[in-house]
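Trainee: please work out how this folds:
(one chain, ligands or ions: 1)
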Amino acid sequence: MRGCLYGLGVGPGDPELLTLKALRLLKAAPVVAYFVARGKKGNAFGIIEGHLEPRQARLPLVYPVTTEALAPPLYYEQIIADFYDTAALAVAEHLDAGRDVAVICEGDPFFYGSYMYLHDRLATRYDTQVVPGVCSMLGSAAVLGAPLVYRNQSLSVLSGVLPEEELERRLAEAEAAVVMKLGRNFAKVRRVLEGLGLAGRALYVERATMANQRIVPLDQVDPMASPYFSMIVIPGERWQA
Ligand SMILES: C[S@@+](CC[C@H](N)C(=O)[O-])C[C@H]1O[C@@H](n2cnc3c(N)ncnc32)[C@H](O)[C@@H]1O
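Mentor: A predicted model of the protein is given here:
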């Protein structure tokens, strides 16, 4: 019998934000796979490694590149698509041998999680189960003490990668927003927020819920030092009940 593919959300960083269900399935899995940058341990792996036993095989899936800005003839989309094909084959090998594979994913697997690209390649051929995790957006709002949306407000989830004019258009219309994927996009995002008069409402956090979490006023963030694991939260206008 073939193994089952599990996509396990492991939360935004605090190991206590792992769900009971993810923990149970993780402990039962003979193979634990995780995406990781070359030479790094990986955030998701760091969250769960204390729960693993020696009998469980580790399958690191090492990204060949970590930036989308590559000079021709290197094209990020092609390199990363080939990488996910190869990663899916490595996972499928275990599934075909009857071993369940738990792919751990920082935050939630279906919220910008790399697990999605394995799921898209394998879910039609293998049994799969996805366990949601606490996503970074909610972990960030919690540690910032920032209620996100009151009453009938709508929330916009934006990527800092968006071009400046597009970011400006969407933020101008948003009642509440989170801007993810900051890093090298930080200066652009802050400029847009300042231009729209939203900087005073915007809250910034690095590595929310992790041991090295940092909350910094937006105007004091060094744009050259803003890490990938950071986020800006613009809470909805407070509604007095
Ligand atoms: C590829 S997405 C992964 C999202 C993840 N699957 C989730 O459910 O939150 C990476 C982006 O999530 C945000 N992020 C993830 N973890 C974070 C954390 N602990 N604190 C702040 N932002 C975080 C950052 O904006 C980062 O650029």
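
Trainee: quick one: buried residues of the helix or strand of the chain with the lowest mean pLDDT?
Mentor: Least confident helix or strand, the chain: helix 76-96 with a mean of 94, by mean pLDDT, DSSP states H and E. Residues of helix 76-96 classed as buried by neighbour count (16 or more other Cβ atoms under 10 Å): 80, 83, 84, 87, 88, 91, 92, 94, 95. Bear in mind the C-beta positions are built from the backbone N, C-alpha and C, glycine included.

Trainee: where are the low-confidence patches of the chain?
Mentor: For the chain, applying pLDDT under 70 flags the ranges 66-74.

Trainee: alongside the ligand, which residues does the chain contribute?
Mentor: Listed as neighbours of the ligand in the chain under the rule Cβ under 6 Å from any ligand atom: 12-13, 105-108, 111-113, 135-136, 139-140, 180-182, 205, 207-210, 228-231.

Trainee: after the least confident helix or strand of the chain, which helix or strand is next?
Mentor: Where DSSP states H and E defines the elements, the next helix or strand beyond helix 76-96 is strand 101-105.

Trainee: tell me the helix or strand right after that next one.
Mentor: helix 115-122.

Trainee: give the pairing partners of the next helix or strand after that next one; include direction for each.
Mentor: Remark: after helix 115-122, the chain's next helix or strand is strand 128-131, criterion DSSP H and E. Sheet pairing for strand 128-131, assigned by DSSP bridges, gives strand 5-9 (parallel).

Trainee: could you chop the chain up by domain?
Mentor: Residue ranges for the domains of the chain, per automatic domain parsing: 5-134, 137-234.

Trainee: any idea how far the helix or strand residue 48 falls within is from the chain center?
Mentor: Assessed by DSSP H and E, residue 48 sits inside helix 43-48. In this view, helix 43-48 has its centroid 12 Å away from the chain centroid, taken as Cα atoms, centre = their mean, to the nearest Å.

Trainee: now do the helices in the protein.
Mentor: 20-28, 43-48, 76-96, 115-122, 136-144, 164-173, 186-195 (DSSP state H).

Trainee: neighbouring contacts of the fifth one?
Mentor: The set of residues external to helix 136-144 that reach it, using Cβ atoms under 8 Å, 6 or more residues apart in numbering, is 11-14, 17, 106-107, 111, 147-148, 157, 178, 180, 203, 205, 208-209, 213, 215, 229, 231, 233, 235.

Trainee: repeat that for stretch 146-161.
Mentor: Applying Cβ under 8 Å, 6+ apart, the contact partners of stretch 146-161 are 68, 137-138, 141, 167, 170-171, 173-183, 185-186, 188-189, 203, 233, 235-239.

Trainee: buried ones only from those residues, please, as a PyMOL command.
Mentor: PyMOL command restricting these to the buried ones, with burial defined by 16+ other Cβ under 10 Å:
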select buried, resi 137+138+141+167+171+174+176+177+178+179+180+181+182+185+186+188+189+203+233+235+236
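
Trainee: surely residue 13 meets residue 207?
Mentor: Yes - with contact defined as Cβ atoms under 8 Å, residue 13 reaches residue 207; the gap is 6.2 Å.

Trainee: quick one: contacts for whatever residue of the chain ends up closest to the ligand?
Mentor: Per Cβ to the nearest ligand atom, residue 107 is where the chain lies closest to the ligand, at 2.1 Å. Residues in contact with residue 107 (Cβ under 8 Å, 6+ apart) are 9, 10, 11, 12, 113, 133, 134, 135, 136, 139.

Trainee: out of those residues, which are buried?
Mentor: 9, 10, 11, 12, 113, 133, 134, 135, 136, 139.
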